[in-house]
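Q: Compute the structure for the input listed below.
(2 chains)
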Amino acid sequence: SANADAHLAAAHRLYESGAAYYCDLSPDEVQARAKELGITGYDGYSRDRGLEPAPGRVLRFRVPDGETVVDDAVRGEVRFDNSTIEDFVLLRGNGTPVFLLANVVDDAEMGITDVVRAEEHLPNTPKQQMLWEALGLSTPRWGHVPVLVNEQRKKLSKRRDQVALESYRDDGILADAMVNYLMTLGWTPPGAEEAGSEIMGWPEMEAAFRLEDVNTSPAFFDVKKLVAFNKTYIREMPADEYLARAAAELPAEWDRDRFAAIAPHLQERLERFSDVPGSVDFLFLPDGVDPEIDDTSWGKATSPEWAGPLLGQLREAYSDLADGAWTADDLKSTMERVMSGYEEKPGKELKLGKAQAFCRVAVTGRSVGPPLFESLEVLGREATLSRIDRALTLLDHSERQD
RNA sequence: GCCCCCAUCGUCUAGUGGCCUAGGACACCACCCUUUCAAGGUGGCGGCACGGGUUCGAAUCCCGUUGGGGGUGCCA
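A: Residues are numbered from 1 along each chain as shown, chains lettered A, B, ... in the order given. The predicted model follows:
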């Protein structure tokens, strides 16, 4: 590495001081001895042989007797019996330093005072601490935080799991929401319980955070909860900021003004920005192209006897509407007027929620989506009527087959 | 094999000996509200891994068991 000279110099100092010694055993020979002795690892064979540096010989650290106590900010004192730590290699047979040594030397040189990392590094910490001490340096403050695990309770891995922050951003997860969620793993924002919410801004969290308060057990990364946080953050975005971010998800050919008209109605129900196109696609179909109709939604919406007649009547009423009256308010009151002639069941009043179902499916193809009358206003009269006509034709067909 | 870490609702957690009949968040369920969905409101379901101690008293302290994870290279 770039700092190889410093690494070598440190190794040399360790050798000169007697904290390290050379050994001429090959890996195979080490293993053979271990097998013979019924132990694992290196047995300290060359400790007192006084070997000089030479090609092919490795420099090993002379692990002292006693125990090494790692004072960890998260876990307290963790004790390691030095007899369980073998005399590990510092310099390879080809003279190059191993990572462990390079790491310590680089950290010391950079003036690192706090080493905060995942708990998987805890078992290597006594070796590093011994190195810091043998080099005459005061050890940094350690803090080993728990790892994140998947549903199998295994450490998150790049191969198996979605761990790249960028991929969540690309999915439409807001950075603030991600940060907020991540902070709740292993730590609870103060006041969260009283507030009944774990949603908290970075400045407050940063001010309240203490490494000592982080808990010690691994946490499952729950995308559902992340999305719930994201939803809250989206809802609380300033309108213009939200619009710009949402519009960025749209295909280039979709009309931005048209989207701007419906976007506010989407804001409070959006889970992640990648869902934007799929929620409003029915507004951007080329002329003459009808939305694909979801079978389940269709089945539900057309099952009441009155569904067809009501939609037929609504179609006539909408076609009679004055041009200036093609607004959500007028579209709604027109629907209310038409539906007043129907009953859900004999003796049971028909409510708007039920009455609008077939129209929604006819126009959007689905049973869920942005508010209906606002959608119709944006869609316009021509497309609305033609989609209703198509639905009525479809219904007619299926009834004749029955 | 050896070493280290961990163990409270499905998940993330609060809890550091009495305030715990174990609190909150997310999810889930029900009801209310309602222009579907969402939001909001109300309520519900659901947990201290097990066994021994210590103590007047244990989720909390100690020991053990079990379970899970990680480390263990002349890799970085």
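Q: Quick check: phi and psi on the residue positioned nearest the centre of chain A?
A: By Cα atoms, centre = their mean, chain A has its centre lying nearest to A:Y168, at 5.1 Å. The phi/psi pair for A:Y168 (degrees, to the nearest 10) reads phi -70, psi -40.
Q: residues touching A:D24, list them.
A: A:S46, A:L51, A:A54, A:G56, A:R57 (Cβ atoms under 8 Å, 6 or more residues apart in numbering). For every residue, glycine as well, the C-beta is placed using N, CA and C.
Q: Quick one: distance of stretch A:75-85 to the chain centre.
A: From the chain centre to the centre of stretch A:75-85 is a distance of 35 Å (Cα atoms, centre = their mean, to the nearest Å).
Q: Now do the residue nearest to the centre of chain A against A:E268, distance only.
A: 21 Å (Cβ to Cβ, to the nearest Å).
Q: Show me where chain A dips below the pLDDT cut-off.
A: A:1, A:402 (pLDDT under 70).
Q: Select the longest helix from it.
A: Ranked by residue count under DSSP state H, the longest helix found in chain A is helix A:381-401.
Q: Any part of that one near RNA strand B?
A: No. Using Cβ under 7 Å from any atom of the strand, helix A:381-401 stays clear of RNA strand B, coming no nearer than 13.9 Å.
Q: Give me the packing partners of that helix, helices and strands only.
A: helix A:307-320, helix A:357-364 (3 or more Cβ pairs under 8 Å, 6 or more residues apart in numbering; DSSP states H and E).
Q: What parts of the stretch 151-300 of chain A come near RNA strand B?
A: Residues of the stretch 151-300 of chain A lying near RNA strand B (Cβ under 7 Å from any atom of the strand): A:152-155, A:184-188, A:192-193, A:196-198, A:213, A:215-220, A:222, A:224-225, A:228, A:231, A:235, A:265, A:268-269.
Q: sorry, back to before: save the helices and strands packed on helix A:381-401 as TSV, and put in mean neighbour count and distance to A:S17 too.
A: Below are the helices and strands packed on helix A:381-401 laid out as TSV (neighbours: other Cβ atoms under 10 Å; distance: least, Cβ to Cβ, whole Å):
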stretch	mean neighbour count	distance to A:S17
helix A:307-320	17	90
helix A:357-364	24	78
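Q: in the stretch 151-300 of chain A, which spans are strands?
A: A:219-220 (DSSP state E, counting those that start in this stretch).
Q: Going along the chain, name the helices of it.
A: A:165-170, A:175-183, A:192-195, A:202-208, A:223-235, A:239-247, A:256-267, A:276-280, A:295-302 (DSSP state H, counting those that start in this stretch).
Q: May I see those helices organised as a markdown table, with distance to A:A383 added?
A: Listed next are the helices of the stretch 151-300 of chain A as a markdown table, based on distance: least, Cβ to Cβ, whole Å:
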| stretch | distance to A:A383 |
| --- | --- |
| helix A:165-170 | 32 |
| helix A:175-183 | 35 |
| helix A:192-195 | 46 |
| helix A:202-208 | 45 |
| helix A:223-235 | 28 |
| helix A:239-247 | 21 |
| helix A:256-267 | 11 |
| helix A:276-280 | 14 |
| helix A:295-302 | 19 |
